[in-house]
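**Student:** please find the sequence and the predicted model below.
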Amino acid sequence: MTDSGTDATRRARPDPGHQNLLYGLQPDVAGAAGYPDSPPRMGFFTDTTVCIGCKACEVACKEWNAVPEDGLELTGMSYDNTQGLGADTWRHVAFIEQRKPLGVQEPGVSHEDVDVFAAARTLGASPASPGPGATAPAADTAPAGAPAGEISPVRPDGRTELRWLMASDVCKHCTHAACLDVCPTGSLFRTEFGTVVVQEDICNGCGYCVPACPYGVIDQRKDDGRVWKCTLCYDRLGTGMEPACAKACPTDSIQFGPLDELRERAAGRVARLHAAGVPDARLYGEDPGDGVGGDGAFFLLLDEPEVYGLPPDPVVTTRDLPDMWRHAALAAASLAALAVTSFVGAGRRRR
């Protein structure tokens, strides 16, 4: 084969980075969706170690996107009043209370058997439940290392510590978005920023995307049946603004920017936490080699994903669609061949 023929073959062969794949590495998400000159892929990095549970992100999201109110009563899950993401909750702040110190972690510890009301009645009755004012003990009662009138150390002798994990959850804007793959109307589409957005005006309410999401993010509104979820403030991105939740976050727990830069920044943050004595700090959703090709919104966690209500090993639900269609076609061909053979055999017997 000549060099020119080789070049022509190479040009005709599709670039793997620009194919719209159902599974595996996808280096150029926007390019695969039909944006040849797209800007860098944008996303969220949520550092849960500095989240203070203020819910400014929830409020900013609702105000900017006109998301309806979805319940003001407490659920019994600490200060959580929304429980999870849904059609009317595009940002959800989770509160996880654990009886263990920050620097010495035990992943997966559950406290479902703890009676919080009984514990509240014992406040001030023992050193383990010091009650109001115990953080500034008197001179004759201060534990070792806690001078009188000053704040007690993180783990004074005789005290049981409570660790309070807080995390702001959001749509992951997956590299391989099953919700987008199964949408029959094109209501869900990939933007030039690599995000996944719902066009509610052409959503027919079929609901196929709801069970397709491996994270349980997308949901239908009961009053009209259409689906709604985080858009990563697509309208703001188009004018060079950052999403409302990231703009409102007072501690920079929610960080917005080019995804590659966020991943690099997150890796450095984890390394610093490990060096500071927090060995269980880990990233979730940042790996392009995972079951969804990496998330456009990933997290730094201090415990197992299940503790935060996240699946431990999410896989895009449309991964096996080609094999399923292949097997269905093979089965149909086998049935057709069997039917033809039966008719041919019956005709010969009549003769």
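**Tutor:** Now that the structure is in, tell me what you want to look at. The shown structure was predicted, so the numbers you read here are calculated from the model rather than taken from an experiment.
**Student:** can you list the residue ranges for strands in the stretch 101-250 of the chain?
**Tutor:** 163-169, 188-190, 196-198, 219-220, 227-228 (DSSP state E, counting those that start in this stretch).
**Student:** partners of the host helix or strand of Gln255, with directions?
**Tutor:** Element membership for Gln255 (DSSP states H and E) is strand 254-258. Taking DSSP bridges as the criterion, strand 254-258 forms sheet pairs with strand 42-47 (antiparallel).
**Student:** same question for the strand it pairs with, mean pLDDT?
**Tutor:** Across strand 42-47, the average pLDDT comes to 96.
**Student:** contact partners of the following helix or strand past that strand?
**Tutor:** Later in the chain than strand 42-47, the nearest helix or strand by DSSP H and E is helix 56-65. The contact list for helix 56-65, computed with Cβ atoms under 8 Å, 6 or more residues apart in numbering, reads 67-69, 82, 89-93, 168, 230-231, 233, 236, 244-250, 254. Quick note: C-beta positions are derived from backbone N, CA and C, even for glycine.
**Student:** let's see it at 10 Å
**Tutor:** 46, 51, 55, 67-70, 81-82, 88-93, 168-170, 228, 230-231, 233, 235-236, 241, 243-251, 253-254 (Cβ atoms under 10 Å, 6 or more residues apart in numbering).
**Student:** I'd like the distance from the strand holding Gln255 to the chain centre, please.
**Tutor:** 14 Å (Cα atoms, centre = their mean, to the nearest Å).
**Student:** swap in stretch 247-259?
**Tutor:** Worked out by Cα atoms, centre = their mean, stretch 247-259 lies 15 Å from the chain centre.
**Student:** now that stretch: average pLDDT?
**Tutor:** Per-residue scores along stretch 247-259 average to 96.
**Student:** per-residue pLDDT, Pro312?
**Tutor:** Pro312 is given a pLDDT of 92.
**Student:** over to Cys206?
**Tutor:** On the pLDDT scale, Cys206 gets 93.
**Student:** so what's it up against?
**Tutor:** Here Cys206 is in contact with Val182, Cys183, Pro184, Thr185, Ser187, Gln220, Gly225, Arg226, Val227 (Cβ under 10 Å, 6+ apart).
**Student:** and for Ala267?
**Tutor:** Per Cβ under 10 Å, 6+ apart, neighbours of Ala267: Leu283, Glu286, Leu300.
**Student:** the last one and Ile202, how far apart?
**Tutor:** Going from Leu300 to Ile202 by Cβ to Cβ, to the nearest Å gives 36 Å.
**Student:** between these two, which one's more packed in?
**Tutor:** With neighbours defined as other Cβ atoms under 10 Å, Leu300 and Ile202 compare such that Leu300 has more, 23 against 13.
**Student:** just want the angle from the host helix or strand of the more buried one to strand 163-169.
**Tutor:** Leu300 is part of strand 297-301, with elements assigned from DSSP H and E. Counting by axes from the mean of the first three to the mean of the last three Cα atoms, to 10 degrees, strand 297-301 lies at 180 degrees to strand 163-169.
**Student:** buried residues, strand 297-301. List them.
**Tutor:** Judged by neighbour count using 16 or more other Cβ atoms under 10 Å, the buried positions of strand 297-301 are Ala297, Phe298, Phe299, Leu300, Leu301.
**Student:** pick the one among those residues closest to Ala178.
**Tutor:** Of all the buried residues of strand 297-301, Ala178 sits closest to Ala297, with 15.7 Å by Cβ to Cβ.
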